[in-house]
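1. Please work out how this folds:
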Amino acid sequence: MIETWLNRYNDQCRNKWMEFIRFAIVGSISAIVHLIFYLSVLWILDVEWNTNGDIGWRPNVAYAIGYIISLSCNLYLTGKFTFKKSITKKRLILFVSAHVCNFIIHEGLLNIYLLIGVANWLALPLVLIIAVPINFIMVRTAFKR
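-> Numbers count the residues shown, from 1 in each chain. Sure, this is the predicted structure:
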């Protein structure tokens, strides 16, 4: 009886760790997509409007574009790979709701970092260090319901 319980407990722990590892892989892919588009849009805006040194609207626009593109990638991979669940309307709504909250956290942190003088290129990685664990909890809740 105890052996059965331990086996079941070990399987549950292993499954949760594997789920977290898959989440980390998907999150890394999404973060890389986000970073690529964020830096690309920053570069395009710098070249097109010659806004070097401006910390106004430009980083926020670049951030939003990168976020939306990475969100699409993240939704697909989270459903199919991380949690191995289909993407129903309910899960889509919960996932997007979690990411709206996450986006507000991201934008708030981004602007705080920019206000204290962190370079545009470094702000996103610093945001991700804080926001990713929060996002895992929200997205896991959305897909486990």
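2. who touches Met138 in this structure?
-> Ala98, His99, Cys101, Asn102 (CB atoms under 8 Å, 6 or more residues apart in numbering). (Glycine included, C-beta is placed from N, CA and C.)
3. if you set the cut-off to 10 Å instead, what comes out?
-> Leu94, Phe95, Ser97, Ala98, His99, Val100, Cys101, Asn102, Ile105 (CB atoms under 10 Å, 6 or more residues apart in numbering).
4. And for the residue lying closest to Leu126 once chain neighbours are set aside, the neighbour number?
-> Distances taken as CB to CB, 6 or more residues apart in numbering place Tyr113 nearest to Leu126, at 5.6 Å, with adjacent residues excluded. A total of 20 residues lie near Tyr113 under the criterion other CB atoms under 10 Å.
5. Against Ile93, how distant is Tyr113?
-> Separation of Tyr113 from Ile93 (CB to CB, to the nearest Å) stands at 30 Å.
6. Compute the number of surrounding residues for the residue nearest to Ile130 when sequence neighbours are not counted.
-> Using CB to CB, 6+ apart and skipping residues adjacent in sequence, the residue nearest Ile130 is Leu109, 6.0 Å away. The local packing of Leu109 (other CB under 10 Å) involves 18 other residues.
7. State the helix or strand in which Leu109 lies.
-> helix 89-115 (DSSP states H and E).
8. Tell me the helices and strands packed up against that helix.
-> helix 57-77, helix 120-144 (3 or more CB pairs under 10 Å, 6 or more residues apart in numbering; DSSP states H and E).
9. Of all those, which one is nearest Ser86?
-> Proximity to Ser86 (CB to CB) singles out helix 120-144 among the helices and strands packed on helix 89-115, at 10.2 Å.
10. what comes up buried for the closest one?
-> 120, 123-124, 127-128, 131-132, 135-136, 138-140, 142-143 (16 or more other CB atoms under 10 Å).
11. the inter-axis angle of that helix versus helix 57-77?
-> 30 degrees (axes from the mean of the first three to the mean of the last three CA atoms, to 10 degrees).
12. Quick one: mean pLDDT over helix 120-144.
-> Mean per-residue pLDDT for helix 120-144: 84.
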